[in-house]
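Visitor: Okay, structure incoming, though there's no sequence with it:
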């Protein structure tokens, strides 16, 4: 099982999350590429730390919306979104190459992640960017989403992920962030959910529905309160359950 987290989301003098601590716990790092968060120096620092620890680096691409942290929907033209995703891929890969590694996968961030799960045009733009950049680059996304389906149709590798610190609706979608209880902040509960995802291949929705959860990566958000404590407990719970932790890419 892969354990991923969103890193490098600080900007300038503002710091968000503990990148160094999380790099010691995860196997894959979804690194912000400067559009929703991050900046060149932050990207360089996180890529260097990931390379030193053998953590796979993924491009966490988002809307060009620093003020809204990429969590506000933007109605993009297909070509513009395709090109902005390509731009972010190239920027992060440049820093990866300084430290003998490269971008190993792509994961959309925030509002783009949710839009690409259901919006065919935005999903197609992401797929077009990836196929143009590297037709063997995996996309990390929700299983069964529009993005996953279009990526498979384009011949791209798709890696299904689940969120240990997010609540689920009965249909397998994430509870919208504005809804009370959408983000799970109790580290022990997050760890318990992660262990069930990895060993029983299930997740329990907010109404008690048991949802199949066949995934290859589990995400813990780096900006969630108590993210480091949650990641520590998640890692420990997976190891205790005899789950081998390794990057998927």
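Guide: Cool, got the structure. The shown structure was predicted, so the numbers you read here are calculated from the model rather than taken from an experiment.
Visitor: switch to C-alpha atoms for all contacts and neighbour counts from now on
Guide: Will do.
Visitor: and residue 111, how far is that from residue 85?
Guide: According to CA to CA, to the nearest Å, residue 111 stands 14 Å off from residue 85.
Visitor: So for these two, which residue has more residues nearby?
Guide: Set residue 111 next to residue 85 and count neighbours by other CA atoms under 10 Å: residue 85 wins out with 28 against 18.
Visitor: Contacts only, for that one.
Guide: For residue 85, the contact set (CA atoms under 8 Å, 6 or more residues apart in numbering) comprises 61-62, 126, 129.
Visitor: Report the buried residues of the strand or helix carrying it.
Guide: Assessed by DSSP states H and E, residue 85 sits inside helix 78-98. By neighbour count with 16 or more other CA atoms under 10 Å, helix 78-98 contains the buried residues 79, 81-82, 84-96.
Visitor: Reformat the contacts of residue 85 into TSV and put distance to residue 177 next to each item.
Guide: Formatted as TSV, the contacts of residue 85 follow (distance: CA to CA, whole Å):
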residue	distance to residue 177
61	19
62	17
126	23
129	27
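Visitor: Taking those together, which two end up most distant?
Guide: For the contacts of residue 85, with distances taken as CA to CA, the pair at the greatest spread is 62 and 129 (12.8 Å).
Visitor: Comparing those two, which residue is more hemmed in?
Guide: The neighbour comparison of residue 62 against residue 129 (other CA under 10 Å) goes to residue 62, with 27 against 20.
Visitor: just checking, the more buried one touches residue 30?
Guide: No: the pair residue 62 and residue 30 fails to qualify as a contact (CA atoms under 8 Å) at a distance of 11.3 Å.
Visitor: which parts of the helix or strand hosting residue 117 are buried?
Guide: Assigned by DSSP H and E, residue 117 belongs to helix 110-118. Residues of helix 110-118 classed as buried: 110-117 (neighbour count, 16+ other CA under 10 Å).
Visitor: And stretch 11-29, by the same measure?
Guide: 11, 16-19, 22-29.
Visitor: and what of stretch 131-145?
Guide: 131, 135, 137-143, 145.
Visitor: Quick one: the helices in this protein, in order.
Guide: 19-23, 40-53, 78-98, 110-118, 120-133, 146-153, 187-199, 227-240 (DSSP state H).
Visitor: closest one to residue 215 among these?
Guide: Of those, nearest to residue 215 by CA to CA is helix 187-199, at 7.7 Å.
Visitor: So which other helices or strands are in contact with the closest one?
Guide: strand 202-204, helix 227-240 (3 or more CA pairs under 8 Å, 6 or more residues apart in numbering; DSSP states H and E).
Visitor: That'll do, ta.
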